[in-house]
Structures are given as structure tokens and as C-alpha cells.
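> Predicted coordinates and the sequence they were generated for:
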Protein chains: 2
Amino acid sequence: MIAVQTIQAVRQELGPGRRAGRRVGFVPTMGALHEGHVSLIRAARRECECVVVSIFVNPTQFGPSEDLAGYPRTLDEDLRACQAAGTDLVFAPAACEMYRPDAVTTVHVGKLSEPLCGAFRPGHFDGVATVVAKLFHIVMPDRAYFGEKDYQQLVVIRQMVRDLDMPVEIVGCPTVREAGGLAMSSRNRYLNVEQRRQALRLYQALTEAQQAVAAGTRDVATLCDTMRQRILAGGPARIDYVTIVDAVSLEALETVDRAARVCVAVRIGDCRLIDNMPVDVPAAQG
Amino acid sequence: MIAVQTIQAVRQELGPGRRAGRRVGFVPTMGALHEGHVSLIRAARRECECVVVSIFVNPTQFGPSEDLAGYPRTLDEDLRACQAAGTDLVFAPAACEMYRPDAVTTVHVGKLSEPLCGAFRPGHFDGVATVVAKLFHIVMPDRAYFGEKDYQQLVVIRQMVRDLDMPVEIVGCPTVREAGGLAMSSRNRYLNVEQRRQALRLYQALTEAQQAVAAGTRDVATLCDTMRQRILAGGPARIDYVTIVDAVSLEALETVDRAARVCVAVRIGDCRLIDNMPVDVPAAQG
């Protein structure tokens, strides 16, 4: 495994393999790697001849009051995890390598950036789309791997790739969960024991909603009320949103009448947790 | 020469040559080709093994009151001109091939899109940047050729490529002029004889400004007043702007004290004409 810090080095390292027809699988991360990231790297390893991981805490996707400065940085451990999972090349640039002071270009994925986390984190998905576009241009992957845990991010990236005709296939991978169901997240390490117990309520609320839809409940208001109660009964928590959206357009639904996604965002202590699950209904019969 | 209409066909045609290491030179156009376009194709032909021209009247860079419907479309002649200039592949897609109805992604080149033509054509440079990003992802050129006649467009594209780390080299080529100095433009065909004579005033005003700077005049207000008078003395014309800007940042200057560009945009009849020239002063001596 090779680790490099410059764009030029990435291009030099990947050029010969690309010309020889080796497919490049790419896993963009902000480091603080956990089993969720590792599952993405393993998927890339299975499907591609060359596996690239980027580790970059992207400042432009953090709001002014968010946790950029405190975001966990664990580069040595991350490099070991990358190596163990079969990575060929790690790209870990400094912020000044990625952003010149005079940079003014942004990629904006219209209305998909506005709902859900976009409403609570203005500019977040512009930051995500822009840095992922840059990373795609640097790495030029054949496939790129994203976790379903950040569901809106996955949908935004898919749309960007389709809209801008980027020559890369986006692969969404299932959320990896801790025992008990808490979705793996680099921010979980901020939770104390009590908060971690409370965070399990997200998983419980989502699975109960999934079961309720499977049992025939279709009214989104009813489903969301039950989820909110389940989450708040666990202790102090601030709910950013509990909602069910169209799985592709992210439009809020009133009735679960198509492929949909239950999405929640909750603040517990200083930690903002998000999670989601699919709720699919069989196609209507004519 | 091959002409195709789909993104898939472009990728199929270019794949083998790219893998064999043939450099691709790309000239994006809106058709209605003239000697200016031909000079770009010839430059690509000299420098690259494979020359691709796109012909696409991009709807997203026209404002609602602009000349999208009336923009000249001369595909048969364009194909002959492409062939004569040494083109290998023409990509001439329909609008529905380039834009799905649900597309929501735009590329925005911040403050470089705002001054000059950006102030008179809101959204124009978002449309330009977005379609050029798409075309770059489709064609994946090593070099792309743009005329200096659309100077702000050239600066916007250069900045986009740098900011988004696109793996393409942008080559700016000198404006090609008719006898008398009128800059070649697809829109010149709208001019009648009288308007064409009047349009020569743009060239005269620009060259006089260049000469005045060379002779020592540095005050932008003085230079621009003289240019405005020269243009308006030619007959009825509406000046959108006459200005001198920093050649890289496009910021308006009060004094010509660095590499700068004199830029004019004038409406004559129904036709909006733009033109520009460099005005460089020797670096200050310490």
C-alpha cells in the first residue's frame, strides 16, 4: 500500500494501471474509519483491480457552528485499517492541496440538497458534491463506494454523476451496525454509555416503522408520530427530523405508496446522529 | 470522420484510442461554424492524435428573452467544415440526450460569472460551465480549445477546470477577424451592411485603447470614455459595457497597472456583439 498527499502523486501512481485497463475502485472518506468504511473498501477490493481510499476532512461541508475542528482525526489507525482491508493507494491531502485560496467553483445538486439534512446544514451538500467531483477528477475511478447510512449523500452523488455524465458507477453499500443496531459512525465515539443506550432508540424506531409498513400502515404522520415518541421516551434528545421520503426524489410523502426511505436525524448531547431504512410497498396491482 | 448523436456512441468511438494512448483534442461549439471555430479545430489537429468537435446549441446558457430559437443552425455545412479541418469525431446530440427532465445539477464558477456579460445575462455562465463539465466528462479530452473572443467564457472554464481538478488542459486561441477587424461570430450573419460597418467601431475602439495604453495612458475612465464615443459616433448602438478588467480575476480596474483586458459588449440592431483585446503594461520596476 502506498500513501500520498498530492494530486500529482495520485495521477502518477494510477496512470500506468489505468492505461493497462485495471479498474479503479474508490472509497472517499473523512477518516476515523470504522467497520462501515471497511465494508466499502472490501467491496471495492472484490470488484476492482485497484483500490483507492481518500482520507480528507473536507472543510467546505461543515457549517461555521459545526464540529470541523473537533472531528476525529486518526490517520495512523486509518492507514492500518486501509492496509488490512486491501487498499492499494491512500490519498490523504492537506486542505491547502485541495483548495486554493482563489477557488470559487461549486457543484450544486438542486433540490436534492434542500430537504432533510440540507435544511439543517445549509451548504453542506454543495460542499459534499464539490469535493466528490474534485476527488472523482483526481482519482478517475470506474466505481465509487458510498454507505447507505448517509442516504441523502448517496442520492445527491448519484444525481450529480447522472446529471454531469461523470464516467463512474456509484455503488451504494448497506449500513453496518453495532451489536444492538446503532449505525456505525465516526461520531459515535463522542457518545457516553447513557447516550449510546439512548441512540439505540433510532434503530428501534426505524425497524418498528419498517414493521408497521409491512403490517399495512401507510399513513406517514402516524408512522412518524410513533417513531418520535419511541425516540423521545429514551431520554433527552432533540429531533431534527423524522420523515418518510421518496427513495429517489427525497420528496416528503404523506402515504407510503412507493419505494420510500424512513429517515431520522437526532441530536443527543453534542452528537448529531442520522440513520435510515428502506420501506418498500409492493407495486400497486391494477 | 464519424458523426454521432449519443453519449454512449462517443464513449464507444473514443475508448480504444484512449486506451492506446492517443491524445484527444476537443473543440466544443454551438455550430454555425466560422473561421474562428476552424482555427480551433486546426490547433487541435496539430497537437492531438484524435480531434473531437461537439455541435450543440445549449439551451441552458440562453436567457428567456434571448435568441435560442433563432440561433443559426447549419449542421450540414458544419459537418463539411469539420471534415475539411481534420475532425475525427463530431458529437451533435439532441437536447434530450444532454438534459434529462429531472436534471438538477449545476456548476457555478462564483464571482467570475458575475461581472461583464454575467451582469447582462443572468445564469449564462452557469449554463456554460455546466454543459462544458458534461462535455468534458463525455469526451474526456486531454486538451480543449476555446477562442479568446469569448474571453470571460475562457476565464470561467479555466477556473472551473483548476478548481474542480479536471484532467484537461485548456488552450485559449486568438480571435479570428474578418477583413476590417470585426471579430468572427456566428451572430454576425444577423448584421446588415450598415450594421456591419458600424460593428467595425468595436475593433477600432479596442485597437485605439490598446495604442493609448502603449503610449502611456493608464486611466481607465479616460480610456473607456474615448472608446464609448468612438462606438456611438458610428450610429445607433446600445452599449452594455465598455471596461478594462484584470486579465485573470476579471475585476474592474481604475488604472491599467497589470495584465488587463479591454472588453466591450454592444447591441447593434437585434445583435449583441462582444469583443476584447489584451492591454499589458510592463511590470513595474522596483
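Ah, there it is.

> For the rest of this, base every contact and every neighbour count on C-alpha atoms.
OK.

> what's around A:I244, how many residues?
28 (other Cα atoms under 10 Å in any protein chain shown).

> Secondary structure element holding it?
Applying DSSP states H and E as the criterion places A:I244 in strand A:238-246.

> check whether that strand contacts chain B.
No: interface with chain B: strand A:238-246 contributes nothing (Cα under 8 Å from any Cα of the partner chain), its closest point being 14.2 Å away.

> list the helices and strands the next helix or strand after that strand packs on?
Using DSSP H and E, the helix or strand that follows strand A:238-246 in sequence is strand A:260-268. In terms of contacts (3 or more Cα pairs under 8 Å, 6 or more residues apart in numbering or on different chains; DSSP states H and E), strand A:260-268 is packed against helix A:193-214, strand A:238-246, strand A:271-279.

> Tell me the spacing between the residue of the stretch 151-286 of chain A found nearest chain B and B:M98.
In the stretch 151-286 of chain A, the residue that lies nearest chain B is A:L164 (4.7 Å; Cα to the nearest Cα). To B:M98, A:L164 is 9 Å away according to Cα to Cα, to the nearest Å.

> If you count surrounding residues, which of those two has more?
A count of neighbours by other Cα under 10 Å puts A:L164 above the other of A:L164 and B:M98, at 26 against 20.

> which ones are touching the more buried one?
B:T105, B:T130, B:A133, B:K134, B:H137 (Cα atoms under 8 Å, 6 or more residues apart in numbering or on different chains).

> And the residue of the stretch 151-286 of chain A closest to chain B, how close does it get to B:H108?
Taking Cα to Cα as the measure, A:L164 falls 13 Å from B:H108.

> Ok, A:L250 next?
According to Cα to Cα, A:L250 and B:H108 sit 23 Å apart.

> ok, A:A32 - contacts?
A:P72, A:R73, A:T74, A:L75, A:D78, A:S186.

> change it to 6 Å
A:P72, A:R73, A:T74, A:S186 (Cα atoms under 6 Å, 6 or more residues apart in numbering or on different chains).

> And A:L89, by the same measure?
A:M1, A:I2, A:A3, A:V52.

> which one of these is nearest B:I157?
Ranking those by separation from B:I157, with Cα to Cα as the measure, puts A:V52 on top at 28.2 Å.

> Check for me that that closest one belongs to a helix.
No: looking at A:V52 with DSSP: H, G, I helix; E, B strand; the rest coil, it is strand, so not inside a helix.

> So in terms of bridging, what pairs with it?
A:F26, A:L89 (DSSP bridges).

> Tell me which of the contacts of A:L164 fall in strands.
In strands, judged by DSSP state E, the following of the contacts of A:L164 are found: B:T105.

> Make a ChimeraX selection of the buried ones in the contacts of A:L164.
What follows is the ChimeraX syntax selecting those of the contacts of A:L164 that are buried according to 16 or more other Cα atoms under 10 Å in any protein chain shown:
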select /B:105,130,133,134,137
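
> could the contacts of A:L164 go into TSV alongside distance to chain A and pLDDT?
Putting those into TSV (distance: Cα to the nearest Cα, whole Å; pLDDT from 0 to 100) gives the following:
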residue	distance to chain A	pLDDT
B:T105	4	98
B:T130	7	98
B:A133	7	98
B:K134	5	98
B:H137	5	98
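
> Now go through the contacts of A:L164 and say which are in helices.
The helices, defined by DSSP state H, take in B:T130, B:A133, B:K134, B:H137 from these.

> What separation do you get for A:Q198 and B:A129?
Applying Cα to Cα to A:Q198 and B:A129 gives a distance of 47 Å.

> And these two? Which one has more around it.
A direct count of neighbours by other Cα under 10 Å for A:Q198 and B:A129 places B:A129 higher, at 24 against 20.

> ok, that one to B:S65 distance?
Using Cα to Cα, B:A129 is found at 20 Å from B:S65.

> List the contacts of A:A233.
A:A233 sits in contact with no residue, where contact means Cα under 6 Å, 6+ apart.

> Please read the previous query as pertaining to A:V220.
A:E254, A:T255.

> could you redo the last one with a cut-off of 8 Å?
Contact partners of A:V220, counting by Cα under 8 Å, 6+ apart, are A:T243, A:I244, A:L253, A:E254, A:T255, A:V256.

> now do A:T105
By Cα under 8 Å, 6+ apart, A:T105 lies in contact with B:V107, B:H108, B:V109, B:G110, B:Q159, B:M160, B:D163, B:L164.

> Need the max-distance pair from those residues.
Spanning the widest gap among the contacts of A:T105 are B:G110 and B:L164, at 12.6 Å by Cα to Cα.

> I'd guessed A:V256 sits against A:V262; true?
No: A:V256 is not in contact with A:V262 according to Cα atoms under 8 Å; the separation is 9.9 Å.

> coming back round to it: could you dump the contacts of A:A32 to TSV with distance to B:N276, pLDDT and secondary structure?
Converted to TSV, the contacts of A:A32 look like this (distance: Cα to Cα, whole Å; pLDDT from 0 to 100; DSSP: H, G, I helix; E, B strand; the rest coil):
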residue	distance to B:N276	pLDDT	secondary structure
A:P72	51	94	coil
A:R73	49	95	coil
A:T74	52	96	coil
A:S186	52	94	helix
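
> Please pick the buried ones from those residues.
Counted by 16+ other Cα under 10 Å, the contacts of A:A32 give A:P72, A:R73, A:S186 as buried.

> Within range of chain B, give me the residues from chain A.
Residues of chain A lying near chain B (Cα under 8 Å from any Cα): A:19-21, A:99-100, A:103-112, A:130, A:133-135, A:137-138, A:159-160, A:163-167.

> Pull out the buried residues from those residues.
By 16+ other Cα under 10 Å, the residues of chain A next to chain B give A:99, A:103-110, A:112, A:130, A:133-135, A:137-138, A:159-160, A:163-167 as buried.

> any idea which of the contacts of A:V220 has the most stuff around it?
A:I244 (28 neighbours).

> Can you mark which positions in the strand holding A:I244 are buried?
Neighbour-count burial for strand A:238-246 [16+ other Cα under 10 Å]: A:I239, A:D240, A:Y241, A:V242, A:T243, A:I244, A:V245, A:D246.

> before we move on, what about stretch A:113-127?
A:S113, A:E114, A:P115, A:L116, A:C117, A:G118, A:R121, A:G123, A:H124, A:F125, A:D126, A:G127.

> before we move on, the earlier item: and of the helices and strands packed on strand A:260-268, who's closest to B:V176?
Once the helices and strands packed on strand A:260-268 are compared by Cα to Cα, strand A:238-246 is nearest, at 52.0 Å.

> which other helices and strands contact the closest one?
helix A:220-232, strand A:260-268.

> what sits up against it?
Contacts for strand A:238-246 (Cα under 8 Å, 6+ apart): A:116, A:120, A:220, A:224, A:227-228, A:251-253, A:256, A:258-268.

> which of those are buried?
A:116, A:220, A:224, A:227-228, A:251-253, A:256, A:258, A:260-266, A:268.

> that older thread, for ChimeraX, what selects the buried ones among the contacts of A:L89?
Here is the ChimeraX command that selects the buried residues among those (16+ other Cα under 10 Å):
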select /A:3,52
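
> what sits against the most centrally placed residue in chain A?
With the centre of chain A defined as its mean C-alpha position, the nearest residue by Cα atoms, centre = their mean is A:D150, 3.0 Å away. A:D150 is in contact with A:I274, A:D275, counting by Cα under 8 Å, 6+ apart.

> Could you pull up phi and psi at it?
phi -90, psi 70 (degrees, to the nearest 10).

> and if you look at A:V24?
Main-chain dihedrals, A:V24, degrees, to the nearest 10: phi -100, psi 120.
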